[in-house]
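Participant: Quick check, what structure comes out for this input:
(chains A and B)
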Amino acid sequence: MTKVISKERGTHAMSLLIEHVTKKYKNFTAVNDISLSLEKGKMLGFLGRNGAGKTTTFRMILGLTPITEGTITYNDKVIDRSLYNRIGYLPEERGLHPKMKVEDELRYLATLKGMKSKDITKAIDYWLNRFNIKENREKKIEALSKGNQQKIQLLASMLHKPELLILDEPFSGLDPVNVELLKSAVQDLNDEGTTIIYSSHRMEHVEELCDNVCILNKGELVVSGPIDEVKSNHGHKRVVIETEHQMPEIDAITGVIAVERNKREIKATIESEMIAEKIYDVVTQYGFVKRFQVVEPSLNEIFIAKVGDIHE
Amino acid sequence: MSKFWATFSLTYKNKVKAKSFMIFTAVVIILMLGASNINKIIDLFDDGPDKVGVVSSNNEIYKVIKSQGNQLDEGAKFSKVSEKQARSQVKSEKLDKAYIIKLNDNQKLSGKILSKDTVSEQDKQKLKATLSTIQTQFVANSLDLSQGELKQLQAQSDVSAEVIANNAKSSNLSEAQKGFNTAIVYLGIMLMFFIIFNYASQVAMEIATEKTSRVIEMIITSVSPVTHLFAKMAGVIAVALTQISIFVVVGVICFLTFDISDMLQGFKVEPNELTLQLVVVGFVSLIIGIFSYIILASILGSITSRIEDINQALMPMTLVSMIAFYISLFSVMNPDTLLVKIVSFIPLMSPFVMFVRASTPDVATWEIMVSVALSIITIFVLLWIAVRSYKDTILSFDKGFVSSMKRIFNKKN
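Facilitator: Numbers count the residues shown, from 1 in each chain, chains lettered A, B, ... in the order given. Presented below is the predicted three-dimensional model:
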């Protein structure tokens, strides 16, 4: 598996480059001037509310939707049909040929990706086994449960070991066991060198799996970059102090935005890490505390801060 | 190319393996076998010549009826019975029917037919004619007319018809020859309609299913939409051609195995010099019809946004094909009207209607050529629209026919 991909690996570090891309429909700008880049073998999480422009961006990357302005290149090439055999795509809307048998469907879609019949058989054997759906091989798609249909569709998008895999909400609507199963498959693929972009509503999945993250809001790119960087650049960190004292002095420190207190903890939201030191000075005057911790914001917090609303 | 074959062979295999394909093919084959043996089948249900009882007080009348029996009821056996016997035997089906003939004082004959089934007007007319002859004979006898004088009296004026046709290749077909052509046209139109409509709907259905189930998004990120569309259409066309080939093969086998010409004579129809023209035009029409309707259906299928709307989307196609079908069906007996002439040049309708016209000597070869040429041009225009519409609407879920059509034609990028 690894061999095939590493052979085709180019020398360019940046495999996907999106530059100033805008998509306008008549009176509506779906995507407004977004730029991003993704290195080979990295995984990018695409976050955004419904209608933020995620699917439109994916379709533009794949060349399904014409770009109004800007350019998208993959290995310095505009993506066209010659690259399709090396790309996998799982659309957001789930659907396969309902009347077809699982094996026939996988075989057909893999053939369309230029895979050889022998390799297809091997890959189907392996993946159906791994996803615990061997017994469904001869069943019609419409006879499968929603979760199993989704597994088949994910398989269809990655059976040919793509170099670039775009997954539009791959884990939505699955039970936790299946989410873990699919996550591990995606993780493995990434470990073997596949560059993956995927959108999700589940922040913890993105935090767990992805190297990079970007957040779209109403067509605008509000956050983009490696997750660690995004977190440390996001100004508002928090200091958590586990203590029984009230420490009212903290409120007076400039740079402290808000303080929350309960019986055991004080949580202070601060503008930057510098402020944490000033708080520490105050804390030391009180002597022993059980915990003093500077907490990085979670993606969820960043998301809410940037997008404004509580996400579903 | 292998991507083309993947879709092509998938479509072909699925369709040929489908139950609907097998059942339809089997039904038509059975009908063909039946039709080639129809005379034998009719014989099977025919319980031999009729037995007819004749009730008459006059022995002479009975003799005349018996002697003219073949005109009244071909091959029937006549026997003289009393009215009471006649009624009971007809009731018990010992007799198929009975004639009760009475002679009144004015030498006037009246007849009554007893039967368990409905008596046809034809049978009544036949008996009436026979009785009239007998009556004339009686009157002639009573007037002492000789046979010669009687003949003179009965002589009828001659009326004949001559058809003056317009073009050179006109030929006068006998009723039997016309009958043969009519039969071919009726069967041909129905078969054509079913095949074309069946496969056109299937293409529309396939495309709409892929679109509405969104699997199309995975497909067109693997293969160009145009290749996919062509492979799909070619697959269905290949299925249609397979089916037609099966019919042709079965037809040829029937022709060689069974005594068709004997049967045709039995029905008083015969092949003629127009039969070849008819068969060729029919075949070309069928192929043109399949192509144009399948392409039209793929356009309509690709603009459907929900699978439930497919019938609505196919409405334009249904309407056009229905109009063509009924015009041709009602014109088989009289294909020489202005309406038929005009419609036989209108693409999408012409395959049906030109086929009907080809059964008469009145259609010129150039007319057929022009009609075919117009249809072929239409096929290419439709194909162009299909490619545009497929690429453009397959990812859009606009509601309604008009807005989809606007998209196709106002496409800017």
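Participant: Can you say which helix or strand has residue B:30 in it?
Facilitator: Assessed by DSSP states H and E, residue B:30 sits inside helix B:19-36.
Participant: and the stretch 151-300 of chain B, which of its residues are near chain A?
Facilitator: Applying C-beta under 8 Å from any C-beta of the partner chain, we find that the stretch 151-300 of chain B lies next to chain A at B:209-210, B:212-215, B:217-224. The C-beta positions use only the backbone N, C-alpha and C, and glycine is treated the same way.
Participant: what about 7 Å?
Facilitator: B:213, B:214, B:215, B:217, B:218, B:219, B:220, B:221, B:222, B:223, B:224 (C-beta under 7 Å from any C-beta of the partner chain).
Participant: Measure how buried the second one is and give me the count.
Facilitator: Residues contacting residue B:214 under the criterion other C-beta atoms under 10 Å in any protein chain shown number 18.
Participant: orientation of the helix or strand following the helix holding residue B:30 relative to helix B:19-36 in degrees?
Facilitator: Proceeding N to C from helix B:19-36, the next assigned helix or strand is helix B:38-45, under DSSP H and E. On the basis of axes from the mean of the first three to the mean of the last three C-alpha atoms, to 10 degrees, helix B:38-45 is oriented at 80 degrees to helix B:19-36.
Participant: about what we covered before: buried residues in the helix holding residue B:30?
Facilitator: Residues B:21, B:25, B:28, B:29, B:32, B:35, B:36 are the ones in helix B:19-36 that count as buried (16 or more other C-beta atoms under 10 Å in any protein chain shown).
Participant: how far does whichever strand or helix holds residue B:182 sit from the chain's center?
Facilitator: Secondary structure from DSSP H and E places residue B:182 in helix B:175-212. Relative to the chain's own centre, helix B:175-212 is displaced by 11 Å; criterion: C-alpha atoms, centre = their mean, to the nearest Å.
Participant: Report all helices and strands that it contacts.
Facilitator: With contacts taken as 3 or more C-beta pairs under 7 Å, 6 or more residues apart in numbering or on different chains; DSSP states H and E, helix B:175-212 sits against helix B:225-257, helix B:273-302, helix B:310-313, helix B:315-331, helix B:350-357.
Participant: Could you dump those helices into CSV and include distance to residue B:341, mean neighbour count and mean pLDDT?
Facilitator: Listed next are the helices and strands packed on helix B:175-212 as CSV, based on distance: least, C-beta to C-beta, whole Å; neighbours: other C-beta atoms under 10 Å in any protein chain shown; pLDDT from 0 to 100:
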stretch, distance to residue B:341, mean neighbour count, mean pLDDT
helix B:225-257, 28, 17, 91
helix B:273-302, 15, 22, 90
helix B:310-313, 32, 17, 88
helix B:315-331, 10, 17, 92
helix B:350-357, 8, 28, 92
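Participant: ok, back up a step: of the residues of the stretch 151-300 of chain B next to chain A, buried ones?
Facilitator: B:213, B:214, B:215, B:217, B:218, B:219, B:220, B:221, B:222, B:223.
Participant: Residue B:192 is nearest to which of the helices and strands packed on helix B:175-212?
Facilitator: For residue B:192, the closest of those is helix B:273-302, at 5.3 Å, according to C-beta to C-beta.
Participant: just the angle between that closest one and helix B:225-257, please?
Facilitator: If you take the same axes, to 10 degrees, helix B:273-302 sits at 150 degrees to helix B:225-257.
Participant: what separates helix B:273-302 from the chain centre, distance-wise?
Facilitator: Its chain's C-alpha centre and that of helix B:273-302 lie 16 Å apart, by C-alpha atoms, centre = their mean.
Participant: Repeat that for stretch A:189-204.
Facilitator: The answer for stretch A:189-204 is 5 Å, by C-alpha atoms, centre = their mean.
Participant: what do you get for stretch B:368-387?
Facilitator: On the basis of C-alpha atoms, centre = their mean, stretch B:368-387 sits 26 Å off its chain's mean C-alpha point.
Participant: got it, and stretch B:222-239?
Facilitator: 33 Å.
Participant: Repeat that for stretch A:157-169.
Facilitator: 13 Å.
Participant: how far does that stretch stretch from start to finish?
Facilitator: The first residue of stretch A:157-169 is 13 Å away from its last residue (C-alpha to C-alpha, to the nearest Å).
Participant: So which bits of that stretch are buried?
Facilitator: A:157-169.
Participant: any idea of the mean pLDDT for the next helix or strand after the helix holding residue B:182?
Facilitator: As assigned by DSSP H and E, the chain's next helix or strand after helix B:175-212 is helix B:215-219. Here helix B:215-219 scores 88 as its mean pLDDT.
Participant: outside of helix B:215-219, which residues touch it?
Facilitator: Helix B:215-219 has contacts (C-beta atoms under 7 Å, 6 or more residues apart in numbering or on different chains) with A:89, A:91, A:95-97, A:109, A:112, A:156-157, B:210, B:228, B:394-395.
Participant: Please flag which of these sit within helices.
Facilitator: A:109, A:112, A:156, A:157, B:210, B:228 (DSSP state H).
Participant: Reformat those residues into CSV and put distance to residue A:191 next to each item.
Facilitator: CSV is the format used below for the ones in helices among the contacts of helix B:215-219 (distance: C-beta to C-beta, whole Å):
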residue, distance to residue A:191
A:109, 24
A:112, 26
A:156, 21
A:157, 18
B:210, 34
B:228, 33
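Participant: which two from those residues end up farthest apart in space?
Facilitator: Maximum pairwise distance in the ones in helices among the contacts of helix B:215-219, criterion C-beta to C-beta, is 17.1 Å, between A:157 and B:228.
Participant: Quick check: residue A:145 vs residue A:152, distance?
Facilitator: Separation of residue A:145 from residue A:152 (C-beta to C-beta, to the nearest Å) stands at 11 Å.
Participant: more crowded one of the two?
Facilitator: Shown here are residue A:145 and residue A:152; by other C-beta under 10 Å, residue A:152 has more neighbours (25 against 11).
Participant: so is residue A:292 in a helix, a strand, or just coil?
Facilitator: Under DSSP: H, G, I helix; E, B strand; the rest coil, residue A:292 falls in the strand class.
Participant: Now residue 209. Nearest residue, chain neighbours left out?
Facilitator: You didn't say which chain, so I picked chain A. Nearest non-adjacent residue to residue A:209, counting by C-beta to C-beta, 6 or more residues apart in numbering or on different chains: residue A:43, 5.8 Å away.
Participant: that's the wrong chain, I meant chain B
Facilitator: Of all residues not flanking residue B:209 in the chain, residue B:307 sits nearest, at 6.2 Å (C-beta to C-beta, 6+ apart).
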